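*Asks:* Predicted model follows, preceded by the sequence.
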Amino acid sequence: MRGFLQRTYGLDDVNIVIEQPPKIEFGEYALPIAFELARKLRKAPRKIAEEIVAGIGPVPGFEKFEIAGAGYINVRVNRAEMAAAVAADREPTEEVTPGKVLVEHSSINPNKAAHIGHLRNAILGDTFVRLLLFAGREVDIQNYIDNELLRICQPAPYGGFELGYDVLCEVSQTLARGCGSQAWVHMVLADNILKLAAYSAQAQQDVWGQDTTAKLSNCVTPVGQGRPVDGGVIWSGRHTFSSGIDHAQWVMAAGVIDHGDRKQACSVLVPKGDITIIDDWHVIGLAGTGSKTFEIKDAFVPAHRILDKKASDEGRAPGAHLYAAPVYHMPRGGPSSASFAAVAVGIAEGCLEEYYKYTRPRKSRGEPWAEAAGVQITAATAACEVEAAVRMYMGALREAMGVLERKEPFTRHRQVHGKRNMAYAVQLAIHAVQQLYNDAGGRVLFTDTELQRKFRDAHAAAAHHSLHWHTAAEDYGRHVLGVED
């Protein structure tokens, strides 16, 4: 543009103003330069605009230049060419300015759904960071992520609080009163941080050394297959029920490594880039958890990212030797199912409160429903069941944490007792929810009512395999009656 103005009109140092058109239909940019030159050149602005467009000809990266109104030049960008240029792997053309650049921006709360308002600042901040990194600058990112509730059991060297499992569960229980799906994702992401702390120091550094706020998804069903190779294994598997996977940067996948003479049950740590997410989470309860399937095909997993299941279940994982806090020595399979119970019980608490609000003003055929004795008994019975569920699951969990704090042996009895209490607490909670829903009548069948959502979410949470009452009851009964194998 400047070259054309100098060659054609002999003008130097022209102030070229670039404006944004009022509508995107007019193009990405608008140039009012013809109006500025009209007095100097003693020509009509539109005539000048026509000469400029004809004179500069095609310009790489731009689709066309159009004359509008009395002399505006509207500019349309060739978006495909621009996208290709941005995506091309090119080195910066200018020298890199020394020194560090600090970019501060907010991120999205991973414990609830995002909308376009939340996304704006995160996208802008991340874009600036990527541009600066591409230009070779040293960038320090202050990314304000509302994820402190995920750090409850994270090791202190990586910014965590190293609090007990009872704290994690109490937070999840509280969140579940409002939204079961939100609470479930919180519980899983927070618990998976604790699971990562069981891996080797090198595996933890692979994740948290790059980003202390990194989130992990998980699949505990042992469907993966590992084939030993030098330095690790080749892993493949189709892993289901991976809650919160859309938020995660890493996944943990359970399965078996075939060593020929023996099979090793384990879990492996894999970066998200090595997986394919399958959008198959179309369900009637806890729909907001996004517990999709992910697939791994022939991914190499180094040996330090393999966690032996037996050692982890017994509290003897490599990470247990790195940290002194009791929570890192908690065995899996007993009281650890409290995290799932916490969500189911929290949903039941929320259901009870919603039932109160719904029932107090309710009338049935003109009569106040709350004045019926049967309704009052239902409310009282459900309240007792929910309160008993809270005390039963949380009491057993705090007893277990006390054993770990005192460094006492974590006996088989503690394991089966803990799992019994978690499973039965959920039985109480589900019975309460069922009674409240049945009493609420046909109006809560509609999908815009809160009671029907809590009803569905509570049953979905209770369906988790770790809360299966018959299994937990049989294990406890066999133990106390002395008929274990």
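*Replies:* Ah, there it is.
*Asks:* pLDDT below threshold where in this protein?
*Replies:* Within the chain, the stretches with pLDDT under 70 are 86-87, 89-94, 96, 107-118, 143-147, 485.
*Asks:* all strands for it, in order.
*Replies:* Along the chain, counting by DSSP state E, strands occupy 29-31, 62-68, 72-77, 100-106, 138-144, 216-229, 232-242, 250-258, 263-271, 275-278, 292-302, 306-308, 363-364, 367-368.
*Asks:* can you list the ones you listed in a markdown table and add mean neighbour count and distance to Thr378?
*Replies:* All C-beta atoms are positioned from the backbone trio N, CA, C, and that covers glycine. Converted to a markdown table, these look like this (neighbours: other Cβ atoms under 10 Å; distance: least, Cβ to Cβ, whole Å):
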| stretch | mean neighbour count | distance to Thr378 |
| --- | --- | --- |
| strand 29-31 | 19 | 67 |
| strand 62-68 | 16 | 68 |
| strand 72-77 | 19 | 65 |
| strand 100-106 | 13 | 45 |
| strand 138-144 | 13 | 46 |
| strand 216-229 | 19 | 37 |
| strand 232-242 | 21 | 34 |
| strand 250-258 | 22 | 42 |
| strand 263-271 | 20 | 44 |
| strand 275-278 | 17 | 42 |
| strand 292-302 | 17 | 38 |
| strand 306-308 | 20 | 47 |
| strand 363-364 | 10 | 14 |
| strand 367-368 | 12 | 15 |
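*Asks:* Serialize the ones you listed to TSV and add fields for distance to Val167.
*Replies:* Putting the strands of the chain into TSV (distance: least, Cβ to Cβ, whole Å) gives the following:
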stretch	distance to Val167
strand 29-31	55
strand 62-68	58
strand 72-77	53
strand 100-106	26
strand 138-144	23
strand 216-229	19
strand 232-242	24
strand 250-258	22
strand 263-271	24
strand 275-278	31
strand 292-302	28
strand 306-308	24
strand 363-364	43
strand 367-368	42
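*Asks:* Select, out of those strands, the one closest to Cys384.
*Replies:* In terms of Cβ to Cβ, the element of the strands of the chain nearest to Cys384 is strand 367-368, at 23.3 Å.
*Asks:* Pairing partners for the closest one, with directions?
*Replies:* If you go by DSSP bridges, strand 367-368 pairs up with strand 363-364 (antiparallel).
*Asks:* and the strand it pairs with, how far out from the chain's middle?
*Replies:* Its chain's C-alpha centre and that of strand 363-364 lie 42 Å apart, by Cα atoms, centre = their mean, to the nearest Å.
*Asks:* How about stretch 399-415?
*Replies:* For stretch 399-415, the distance to the chain centre is 32 Å (Cα atoms, centre = their mean).
*Asks:* what sits up against that stretch?
*Replies:* Stretch 399-415 has contacts (Cβ atoms under 8 Å, 6 or more residues apart in numbering) with 164-166, 315, 326-327, 329-331, 333-335, 418, 479.
*Asks:* how about a cut-off of 7 Å?
*Replies:* Residues outside stretch 399-415 that contact it (Cβ atoms under 7 Å, 6 or more residues apart in numbering) are 164-166, 315, 326, 329-331, 333-335, 418, 479.
*Asks:* Buried by neighbour count, from these: which ones?
*Replies:* Buried by 16 or more other Cβ atoms under 10 Å: Gly164, Tyr165, Asp166, Gly315, Pro326, His329, Met330, Pro331, Gly334, Pro335, Gly418, His479, out of those.
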